[in-house]
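> Curious how this folds, go ahead:
(chains A and B)
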Number of protein chains: 2
Amino acid sequence: MTSSNHLLIVGSIAFDDLDLPSGNHRDVAGGAATYSALAASLLLRDRVRIVGVVGDDFPQPVLDELRARGIDSSGVERASGRTFRWHGRYSTDLASRATLDTQLNVFADFRPKIPAEQCTSPFVLLGNIHPALQLDVLGQLQRPRLAAADTMNFWIEREPKALEELLRRIDLLVINDEEARQLSGIHNLVRAAADIRKRGPRMLIVKRGEFGALLFDEAGPFFVPAYPLEEVLDPTGAGDSFAGGLMGYLAARGDVSPAAMRAAMFFASALGSFCVEAVGPARLLAANRSHLAARIASFARLVEHGSDLALPL
Amino acid sequence: MTSSNHLLIVGSIAFDDLDLPSGNHRDVAGGAATYSALAASLLLRDRVRIVGVVGDDFPQPVLDELRARGIDSSGVERASGRTFRWHGRYSTDLASRATLDTQLNVFADFRPKIPAEQCTSPFVLLGNIHPALQLDVLGQLQRPRLAAADTMNFWIEREPKALEELLRRIDLLVINDEEARQLSGIHNLVRAAADIRKRGPRMLIVKRGEFGALLFDEAGPFFVPAYPLEEVLDPTGAGDSFAGGLMGYLAARGDVSPAAMRAAMFFASALGSFCVEAVGPARLLAANRSHLAARIASFARLVEHGSDLALPL
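Below is the predicted model:
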């Protein structure tokens, strides 16, 4: 059975122009789907599928590199025009960023077409695209075992109806704390999570960047920290690496139980921690499974409190 | 041996005027030493000692209430004049606060005098007072087994020399993330912690409010989350409750090993989470040991990831 647990990832493939405290970088091949797929591929060799669109300016070697990692990119459409481009500038402490420019380019007309043989993918990650397109993808699929989606403030403001419909159709929503507050209209995250889960998804993950992430499901809240790093170079793609690592782990185990979700949160945070250690996806590209095992072991020590939490007499 | 593991707490006893989103509250009996002592007393019955100063306006029933909890307040001096008073206003989301007024009153001339029989206290928590006074207290004591101190931006800016001397004399510094950055001049907390530990304290705890706390010691970093609460009413005293809970737990166990420190972080965070659930110290006053055991059990579930973090095949 495990061999059939493929993960389908739909989302943006992009060029990023990154103004970082360490320097400016141009034409960095990225995008949510790219980061998610690279993270997932460390856990789910030869079973990750990516669907997106690139322009005729996108270098074939980058797609070849995905293929070399066992990521099936047959669903990546090459359209006539330029690839989606994002230009962001980070603050000195990397805690915030401003979008300087967004050029949708070929992404503006993107309508995901899932290859026929991928429509039975049991694990699906819908990256942050128009919720109507996320719904359209779900419409093309046989009911997946686990459908997860990301979204953002733009869609929460502009497309509330499509987003409500999406919430009813997914099992897991993965967003950040500000998005959870905006989506629910509730500041307190515990109550915001309860509100969002009532609207559809059985599970909600709230990402908090350097402050870790919270999972809310039927087993109660669960927390995983961000790994405390000595050097953070570039947060771009960390949230997408988190989501990809999470889904890759679950698909590899073929398990969506609360116990599997809790272990998956560690793998998700570990892959997010790799991502920020270099500019663009460089660190994810350099990582192998023994690096990941070592990072997971450090993570376990970070929260290992021993078995005895009894009150002292 | 355990019965001799007394904890001495030196710090402010105050009236707080609190402007909270839920309403304004005046003349709330508080202060760092009060919060720390109440938190510690849940773990260390009859072995907590508090040293501070109050004016002749401070109600005797409050001191009696401390005594009723087994807190030895014989070291609390009653001076002629008014009690230290702080007036703070919190933001709507409780994430930040502004000091509207500080009246030192009898605290201005406070020079802690440790009662003779308390000078052998093996566990000592030096609340946030002038570092020269913290040093003076250490000078009055036989070398304690564990000396912990808090400080703040005011002393980091104004009294760097006294603070450097204090750092050389303590085992544990408990501060928040902004203070750690200011003290070290380093933004990254992992490197800030390494810098501060080189200057003296074997252990550093960095408190991050609703984002939990990090311990740095010879066993590496350790993280404890803040408990995700459905309602937070008043953050005043949460950091002091954290420190008091930590020290109370360590004293009760008579253990300062890395393993004990890690368990202590949970008790610290649990007591911080009680503190914020009501205005002033009301929730700490209402809490008993079975409430604490239940909160600790919830905490354990919040981070319980199961034993298997192996990479899936």
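
> Next, the contact list for residue A:102, please.
Neighbour list for residue A:102: A:85-87 [criterion: C-beta atoms under 8 Å, 6 or more residues apart in numbering or on different chains]. Where C-beta positions appear, they are placed from N, C-alpha and C, glycine not excepted.

> Where do the strands of chain A begin and end?
Per DSSP state E, chain A carries strands over the ranges A:7-10, A:14-20, A:23-30, A:48-54, A:71-78, A:85-90, A:97-103, A:123-126, A:146-149, A:172-176, A:203-207, A:213-217, A:220-224.

> Just tell me which of those strands ends up closest to residue B:117.
With C-beta to C-beta as the criterion, residue B:117 lies closest to strand A:220-224 of the strands of chain A, at 43.1 Å.

> Where does the stretch 1-150 of chain A get nearest to chain B, residue-wise?
Residue nearest to chain B within the stretch 1-150 of chain A: residue A:93 (5.4 Å; C-beta to the nearest C-beta).

> rewinding a little: just the strands of chain A: most buried one?
Stretch with highest mean neighbour count among these: strand A:7-10 (a mean of 30; mean count of other C-beta atoms under 10 Å in any protein chain shown).

> Quickly list what residue A:7 is bridged to.
In this entry, residue A:7 is beta-bridged to residue A:48, residue A:123, by DSSP bridges.

> Double-check it against residue A:126; I have them as touching.
No. Between residue A:7 and residue A:126 there is no contact under C-beta atoms under 8 Å: 11.7 Å.

> What separation do you get for residue A:312 and residue B:310?
In this structure, residue A:312 and residue B:310 are 33 Å apart, going by C-beta to C-beta, to the nearest Å.

> ok, these two, which is more surrounded?
residue A:312 (20 against 9; other C-beta atoms under 10 Å in any protein chain shown).

> just checking, the more buried one touches residue B:43?
Yes. Assessed by C-beta under 8 Å, residue A:312 is found in contact with residue B:43 at 6.2 Å.

> who in the stretch 51-200 of chain A is up against chain B?
Neighbours of chain B within the stretch 51-200 of chain A, by C-beta under 8 Å from any C-beta of the partner chain: A:93, A:187-191.

> Hmm, which of these is lowest in pLDDT?
Among these, residue A:93 carries the weakest pLDDT, at 91.

> Quick check, that residue in contact with residue B:187.
Yes. Counting by C-beta under 8 Å, residue A:93 touches residue B:187, with 5.4 Å between them.

> More neighbours: which of the two?
residue B:187 (16 against 12).

> where's that one relative to chain A, distance?
Look at residue B:187 and chain A: by C-beta to the nearest C-beta, to the nearest Å, they are 5 Å apart.

> Now do the contacts for that residue.
By C-beta under 8 Å, 6+ apart, the neighbours of residue B:187 are A:93, B:181.

> distance of residue A:170 from chain B?
With C-beta to the nearest C-beta as the criterion, residue A:170 and chain B are 22 Å apart.

> What distance do you get for that residue to residue A:24?
Relative to residue A:24, residue A:170 is positioned 37 Å away (C-beta to C-beta).

> Pull the number of nearby residues for the residue in the stretch 151-300 of chain A positioned nearest to chain B.
Here the stretch 151-300 of chain A gets closest to chain B at one residue, residue A:252, 3.7 Å apart by C-beta to the nearest C-beta. Residue A:252: 24 surrounding residues under other C-beta under 10 Å.

> Export only the CA atoms of the longest helix anywhere in chain A, formatted as CSV.
In chain A, taking DSSP state H as the definition, the longest helix is helix A:258-275. Presented in CSV, the C-alpha positions along helix A:258-275 are these (Å, rounded to 0.1, in the frame of the first residue of the first chain):
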residue,chain,number,x,y,z
PRO,A,258,-3.4,12.3,15.6
ALA,A,259,-0.2,10.5,16.5
ALA,A,260,1.2,10.6,13.0
MET,A,261,0.2,14.3,12.8
ARG,A,262,2.2,15.1,15.9
ALA,A,263,5.4,13.4,14.6
ALA,A,264,4.8,15.1,11.2
MET,A,265,4.9,18.5,12.9
PHE,A,266,8.5,17.8,13.9
PHE,A,267,9.5,16.9,10.3
ALA,A,268,7.7,19.9,9.0
SER,A,269,9.5,22.2,11.4
ALA,A,270,12.8,20.5,10.7
LEU,A,271,12.4,21.1,7.0
GLY,A,272,11.4,24.7,7.6
SER,A,273,14.6,25.1,9.6
PHE,A,274,16.7,23.8,6.8
CYS,A,275,15.0,26.2,4.3
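
> Report the rounded mean pLDDT for it.
97.

> where does chain A dip in pLDDT?
Along chain A, the parts satisfying pLDDT under 70 run over A:1-3.

> burial measure for residue A:268, as a count.
Close neighbours of residue A:268, defined as other C-beta under 10 Å, add up to 29.

> right, and residue A:113 touches residue A:79 too?
No. Proximity of residue A:113 to residue A:79 does not meet the contact threshold set by C-beta under 8 Å, at 11.6 Å.

> Now tabulate the strands of chain A in CSV and tack on distance to residue B:210.
As requested, the strands of chain A are arranged in CSV below (distance: least, C-beta to C-beta, whole Å):
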stretch, distance to residue B:210
strand A:7-10, 32
strand A:14-20, 28
strand A:23-30, 31
strand A:48-54, 35
strand A:71-78, 38
strand A:85-90, 24
strand A:97-103, 22
strand A:123-126, 29
strand A:146-149, 26
strand A:172-176, 15
strand A:203-207, 13
strand A:213-217, 11
strand A:220-224, 12
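
> do stretch A:296-306 and chain B meet?
Yes. Judged by C-beta under 8 Å from any C-beta, stretch A:296-306 and chain B are in contact via A:296-306.

> Go through those residues and flag which are in helices.
Those of the residues of stretch A:296-306 next to chain B lying in helices (DSSP H): A:296-303.

> from the residues you listed, which would you call buried?
A:296, A:299, A:302-303 (16 or more other C-beta atoms under 10 Å in any protein chain shown).

> Between residue A:113 and residue A:79, tell me which one has more neighbours.
Between residue A:113 and residue A:79, counting by other C-beta under 10 Å, residue A:79 is the more crowded of the two (17 against 14).

> how close does that one sit to residue A:62?
16 Å.

> Residue A:220 now?
Distance of residue A:220 to residue A:62, computed by C-beta to C-beta: 41 Å.

> quick one, helices of the stretch 51-200 of chain A?
A:60-68, A:131-140, A:153-158, A:160-169, A:177-184, A:189-198 (DSSP state H, counting those that start in this stretch).

> Now tabulate the ones you listed in a markdown table and tack on mean neighbour count.
Converted to a markdown table, the helices of the stretch 51-200 of chain A look like this (neighbours: other C-beta atoms under 10 Å in any protein chain shown):
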| stretch | mean neighbour count |
| --- | --- |
| helix A:60-68 | 14 |
| helix A:131-140 | 18 |
| helix A:153-158 | 14 |
| helix A:160-169 | 16 |
| helix A:177-184 | 19 |
| helix A:189-198 | 18 |
